[in-house]
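A.B. asks: Predicted model follows, preceded by the sequence.
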Amino acid sequence: MSKRISLALVGIGKIARDQHIPSIAGGEDFELAAAVSRHGKIDGVENFEDFDAFLKARPDVQAVSLCTPPEVRFDMARKAIEARRDVLLEKPPATTLGEAEALAAMASAAGVTLFATWHSRFALGVEPARQWLAGKAIRSVSIVWKEDVRRWHPGQAWIWEAGGFGVFDPGINALSILTAIVPGAIVVHQAALSFPSNRQQPIAASLSMASAAGSPISVELDWRQEGPQTWDITVETDGGELRLSKGGAELYIDGALASSGPDREYPGIYDRFAALVRARQGDADFQPLRLVADAFLRGSRQDVDAFHD
Ligand code: NAP
């Protein structure tokens with residue numbers, strides 16, 4: 001068995017605790033060696049409040065997983081690459097496409113691994129969906145991604161600030177699946193963005209896009225859905241209808257369940273990160289971020305009711 005890769009987890013908040021810590025502990029590729037967070041701590045490892053202090057004190061830690069909000073990720077990733085560490089980026093990989101592309105260039109020049117993760121691409125139905133769609137003519141795609149922001153992002157002020165992505169924080173997960181299963185370029189034709197009067201980022205978005213072949217792609221994102229949550233992608237083709245439900249966990253072909261099983265999104269991410277680090281390769285696809293950037297460029301603004309947590 002290969003030696004474990006020593007790793008530091010950075011930004012100990014909801015996703016670090018819910019997914020990264022258990023996935024690292026449950027796998028055999030990484031050894032959690034340190035945590036870096038201003039307030040969050042992990043028992044049993046060395047904890048740092050400052051990223052520079054960590055880099056200086058622990059040159060033995062080969063890899064870092066950056067689980068902070070995107071706003072502060074660029075500076076951390078840049079410093080980690082300069083210190084020749086391998087870097088895993090939570091989604092979205094950066095606040096802007098310019099930052100993301102700069103990081104990819106730096107990592108490539110430094111010869112370190114940069115892995116821009118899209119956890120939804122590791123959902124169980126996504127790869128079989130890609131395979132089923134290959135070679136079929138796509139007639140249309142419909143994405144409906146509606147959830148309750150109070151349930152999934154309680155008290156997260158950063159998500160509403162400039163650079164926080166608003167409803168595109170979950171919406172980019174749908175776009176990461178879309179760009180994994182539909183081949184070729186995708187263009188944004190129209191975007192209607194709904195901004196609460198007291199917030200800097202949209203609470204809902206309605207996009208009209210098209211595939212390279214001209215097939216229409218509609219996207220409805222909404223953070224105001226209480227009760228049952230909807231994370232569905234439906235693709236009409238010349239060979240039948242494909243539907244990914246529950247964020248990609250379940251795949252239906254012509255209404256019949258074709259693939260489902262236990263969630264392995266984050267264990268899948270760490271399997272891939274270990275393979276990339278050992279092969280000295282990177283994986284940085286920014287297509288989902290480009291679509292979000294284009295939606296903001298195309299976006300018309302609509303003011304809606306103020307949002308209070
Ligand atoms: P979170 O609960 O707010 O945790 C992020 C942590 O980063 C904070 O607890 C904070 O810890 C640290 N941090 C460093 N600089 C910060 C700053 N300027 N503002 C706020 N926090 C800062 O957020 P999260 O839900 O874990 O999300 C983090 C990233 O994971 C986001 O990019 C998100 O899109 C992604 N993600 C989240 C989920 C989810 O379900 N929540 C799912 C998949 C991916 P200290 O105060 O200790 O420094």
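C.D. replies: On my side now, so go ahead.
A.B. asks: Leu207 and Gln190 touch, don't they?
C.D. replies: Yes: if you go by C-beta atoms under 8 Å, Leu207 and Gln190 touch, sitting 7.0 Å apart. To be clear about C-beta, it is placed using only N, CA and C from the backbone, and glycine gets the same treatment.
A.B. asks: the more surrounded of the two?
C.D. replies: Leu207 (25 against 12; other C-beta atoms under 10 Å).
A.B. asks: For that one, give the beta-bridge partners.
C.D. replies: Ala191, Val219 (DSSP bridges).
A.B. asks: how far away is it from Leu133?
C.D. replies: To Leu133, Leu207 is 20 Å away according to C-beta to C-beta, to the nearest Å.
A.B. asks: Thr237 now?
C.D. replies: Counting by C-beta to C-beta, the gap from Thr237 to Leu133 is 7 Å.
A.B. asks: The residue in the stretch 101-250 of the chain that the ligand sits nearest to: what secondary structure?
C.D. replies: Nearest residue of the stretch 101-250 of the chain to the ligand, counting by C-beta to the nearest ligand atom: Trp158, 4.4 Å away. Under DSSP: H, G, I helix; E, B strand; the rest coil, Trp158 falls in the helix class.
A.B. asks: That one touches Phe165, doesn't it?
C.D. replies: No: proximity of Trp158 to Phe165 does not meet the contact threshold set by C-beta under 8 Å, at 9.5 Å.
A.B. asks: Quick check on the two: which one has the bigger neighbour count.
C.D. replies: The neighbour comparison of Trp158 against Phe165 (other C-beta under 10 Å) goes to Phe165, with 25 against 18.
A.B. asks: where does Val144 sit relative to Ala204, distance-wise?
C.D. replies: 12 Å.
A.B. asks: List the residues that contact Lys79.
C.D. replies: By C-beta atoms under 8 Å, 6 or more residues apart in numbering, the contact list for Lys79 reads Phe51, Asp52, Leu55.
A.B. asks: which among the residues you listed end up buried?
C.D. replies: Phe51, Leu55 (16 or more other C-beta atoms under 10 Å).
A.B. asks: so what's the residue of the chain found nearest the ligand scoring on pLDDT?
C.D. replies: In the chain, the residue that lies nearest the ligand is Gly13 (1.7 Å; C-beta to the nearest ligand atom). Note for Gly13: predicted pLDDT of 96.
A.B. asks: which residues does the residue lying closest to it once chain neighbours are set aside contact?
C.D. replies: Excluding the flanking residues, the one nearest Gly13 by C-beta to C-beta, 6 or more residues apart in numbering is Gly40, at 6.3 Å. Taking C-beta under 8 Å, 6+ apart, we find Gly40 in contact with Gly11, Ile12, Gly13, Ala16, Arg17.
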